[in-house]
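*Asks:* Have a look; sequence and predicted model below, questions after that.
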Amino acid sequence: MVDPSKLRDVKVMIIDDSNTIRRSAEIFLVQAGCQVILAEDGFDALAKIADHQPKVIFCDIMMPRLDGYQTCSLIKKNARFKSTPVIMLSSKDGLFDRARGRMVGSDQYLTKPFTKESLLQTVATFAFPSASETP
């Protein structure tokens, strides 16, 4: 179980073309005290990343215009955001999708629909990689 106080003020970006996914992630994260930046596609995200500098980014794979693989690749190619964790979001849980995500630099893969606990645990893992989960 993630201690929500650990996540207070952590900036998290959610990139997803589904309003439902963006809003549910936003609700879970805001309840935990995170600052949330929403983007409906890759272009929207790239325009917001420099201004908001999120600590963790969740990126849907299947999006119009600029898909999640392209978006992740562009984020990771930018020296300023190369070390920012990008977690791919997808309703597909195939080995090929996971491998392709790794090839473009993603740090993890979270299958939709995600639970509040899995989302918060992922944020905690990447926002504080050296912190242990012991109280």
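*Replies:* Perfect, thanks for sending it. Numbers count the residues shown, from 1 in each chain.
*Asks:* Next one, pLDDT for the residue positioned nearest the centre of the chain please.
*Replies:* Residue closest to the average C-alpha location in the chain (CA atoms, centre = their mean): residue 58, at 1.5 Å. pLDDT recorded at residue 58 is 98.
*Asks:* gap between the helix or strand hosting it and the chain center?
*Replies:* Assigned by DSSP states H and E, residue 58 belongs to strand 56-60. Centroid separation for strand 56-60 versus its chain: 2 Å, with CA atoms, centre = their mean, to the nearest Å.
*Asks:* what does it rub up against?
*Replies:* 10-18, 21, 25, 42, 45, 49, 68, 71-72, 75, 84-90, 106, 110, 119, 122-123, 126-127 (CB atoms under 8 Å, 6 or more residues apart in numbering). (C-beta placed from N, C-alpha, C; glycine too.)
*Asks:* buried set for the helix or strand of the chain with the lowest mean pLDDT?
*Replies:* Least confident element among the helices and strands of the chain, by mean pLDDT, DSSP states H and E: helix 95-103 (a mean of 89). Across helix 95-103, burial judged by 16 or more other CB atoms under 10 Å covers 97, 98, 100, 101.
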